[in-house]
Every structure is written in structure tokens, then in C-alpha cells.
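Student: Quick one, fold the following:
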Amino acid sequence: MNASEIDPTARQESDQGQVAQSATKEGQAAASPKAQGRPLLSFVRRSSHLTDRLQRAWDSYADTYLLDVNAGEGSLEVDPQLSFDQDFQALHWGHAHPLVLEIGTGQGENIVAAAQGDQSTDFLAVEVYDPGLAHTMLMAGKANVDNLRMAQVNAPELLEAISDGLLAEVWTFFPDPWPKTKHHKRRLVQEGLARQVWRTLKPGGVWRIATDIEDYALHVHEVMDGLDYFHNEGGLTVSLPTEHVGKGNADMAVDLPHADVEESTRFEGRVLTNFEKKGVAAGRSIHDFCYRKL
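Tutor: Numbering: from 1, shown residues only. Predicted coordinates:
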């Protein structure tokens, strides 16, 4: 099978690919973040107040770490003229090592540790919230990390600007679960995003996903396992409900029919963050996924 036969960007939307989409137009918006002027948003804009400590970090390190890729001041949209290619990477990192992109960096614990531990790889942290970015800057600045850059934009739009095959890996760890059933369509993992991740990954590159929400794990399987342009690396058999539950009826999941699915063992490159510790302490299981580009 040649690349043109499996190229997901050349396909029409299928009914199967519209998992968690409530209408055709919403599916088209998810497939192309800028379609019909409705970018896929898996977050809600919140007013962000920085403490004095985080404001000082921002003032000290933003010029070093924060990429100027926004459409305008205060906007989370990507500059429509942005061409994020190897030359852009070499300009802003000083070289063009294998590049790992993390969507939703949170407090930055994971990506800063990864950048510290692997100087032969470049890292890009994408986060929309000021406090998370400021905390990531603070950690990176204190550790004098120089192979990490950050972007404060909507990730699906940024992926559209990244050239084909530029990324070695994409990480999406503990995305917002959008637990209410009516909000499942806003979950980040959708077939449209999968196509963009596929396009931007180099041959054999991987998309790593982790969640501590069982229903989100089911959602990932429904979106990803049927795509013939990704391979579920699997290796760990997990039993999951075969039906979705929402925030109001999550306790019903244990009584639903279950089926075995393949997931991955814990990614050794992911540090145990405070967020993950809280999930484990609350009794939630961690679901790891590794999907390799065919």
C-alpha cells in the first residue's frame, strides 16, 4: 500500500470517523480546525491571574521561551502566515534536532524534565493558560533548559502550520475529559486531529496519549483503533465498558458490558506529575496509548 492510498488528509469524513461528533458540521470543523471559521476548541477561555512569582517568571523568561506565532496580541489563533518548517525550527532552537510536541503542557513538569534529560531532542510545549505557561517557564529557566520552546495557541491550528513529517513524536497527556455526555464532542482526540498528527509526524513517529478517565480511554479506542494509518502498539490487555457514560452516570460503568482492548504500558519518558498522583490517589487507573504512524 502506497502513501497516497492511506493518506487520511485525502479522505472524506466517514460515519465511523465521526465518533463523539453530534452533527456533520461539527465533524467538519474538527477535521479542519479553520473550517467554516470554527476552530476545534477543547478548552474554555478563562481569566488568568498570575501570582507575583509567576509574573516575574513570565517577565524574565518569555522572551527566551515563548514563540511569537499568534495572530495578534491576546489571540490564541495562529498567525495565518506562519510556516513552521525545519528552517523555522533551526531559527528558534538554534538547530533542528528531532522535535517532540506536547499538546497541553499543564504545569510543565513532564516536558521540562524530558528536555533536561535529552539534549539531543528539541521540545515544543503548547499550552493556552497563562499560569501553566509561566510555571513551565519558571522551571525551565531555573534549570537553564535551552532545547525547549513554548507556544500559547490553539494546538489544532498550530498543527496545520507545521510542515509534513517534521515531528518525531506528539504527546497528549491527561487532556480535559469533558465528562458531560453533551460535551464529548469537544474532546481533543478526534479523527480530524489524528489526520493532522499523522501528517506532521515523520515516518514511524508516534502519538502518545494518556488519561486517567475510563470513558476517555474508550473514546480514544473508538477514534484511533479503526484508523489504518496508525498502528496501536498495544501490548497490555485492558477491560473497558463498551458503552459511554457521562458525568452524571459514571457509576453505572461497572455494570455495563465490557470488552478487552489493547493499550500500552506506561511511557517511561513521562514523569509522575502531581496531577497524575492525584488521579492515582483517587483510585483511577492510568490508560496509556502509543499509536505509530504507518
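Student: can you map out the strands along the stretch 101-250 of the chain?
Tutor: 122-126, 148-151, 167-173, 201-211, 230-232, 236-241 (DSSP state E, counting those that start in this stretch).
Student: For the helix or strand harbouring Val261, name the packing helices and strands.
Tutor: For Val261, the host element (DSSP states H and E) is strand 258-263. Contact here means 3 or more C-beta pairs under 8 Å, 6 or more residues apart in numbering; DSSP states H and E; on that basis strand 258-263 packs against strand 236-241, strand 287-293. All C-beta spots, glycine's among them, are computed from the backbone N, C-alpha and C.
Student: Which among the ones you listed is found nearest to Phe123?
Tutor: Smallest distance to Phe123 across the helices and strands packed on strand 258-263 (C-beta to C-beta): 17.9 Å, for strand 287-293.
Student: Go ahead and confirm Ala114 touches Phe123.
Tutor: Yes: if you go by C-beta atoms under 8 Å, Ala114 and Phe123 touch, sitting 6.2 Å apart.
Student: Need the residues touching each of the two.
Tutor: Each of Val100 lies in contact with both Ala114 and Phe123 under the rule C-beta atoms under 8 Å, 6 or more residues apart in numbering.
Student: These two: which is more packed in?
Tutor: For the pair Ala114 and Phe123, the greater number of neighbours falls to Phe123 (27 against 21), based on other C-beta atoms under 10 Å.
Student: about what we covered before: from the strands of the stretch 101-250 of the chain, pick the one with the highest average neighbour count.
Tutor: strand 122-126 (a mean of 27; mean count of other C-beta atoms under 10 Å).
Student: Run through who's touching that strand.
Tutor: Outside strand 122-126, the residues touching it (C-beta under 8 Å, 6+ apart) are 89, 93, 95-105, 108, 111, 114-115, 133, 136, 147-153, 155, 158.
Student: Report the inter-axis angle for that strand versus strand 167-173.
Tutor: Put simply, strand 122-126 runs at 40 degrees to strand 167-173, going by axes from the mean of the first three to the mean of the last three C-alpha atoms, to 10 degrees.
Student: For strand 122-126, which strands pair with it and how are they oriented?
Tutor: strand 99-103 (parallel), strand 148-151 (parallel) (DSSP bridges).
Student: between the first one and strand 201-211, how big is the angle?
Tutor: For strand 99-103 against strand 201-211, the angle by the same axes, to 10 degrees is 30 degrees.
Student: Contacts only, for Thr237.
Tutor: With C-beta under 8 Å, 6+ apart, Thr237 has these contacts: 260-263.
Student: measure it to Ala259 for me?
Tutor: 10 Å (C-beta to C-beta, to the nearest Å).
Student: How about Gln190?
Tutor: 22 Å.
Student: With neighbour numbers in mind, choose between these two.
Tutor: Gln190 (27 against 11).
Student: That one contacts Met224, correct?
Tutor: No: counting by C-beta under 8 Å, Gln190 stays clear of Met224, with 10.0 Å between them.
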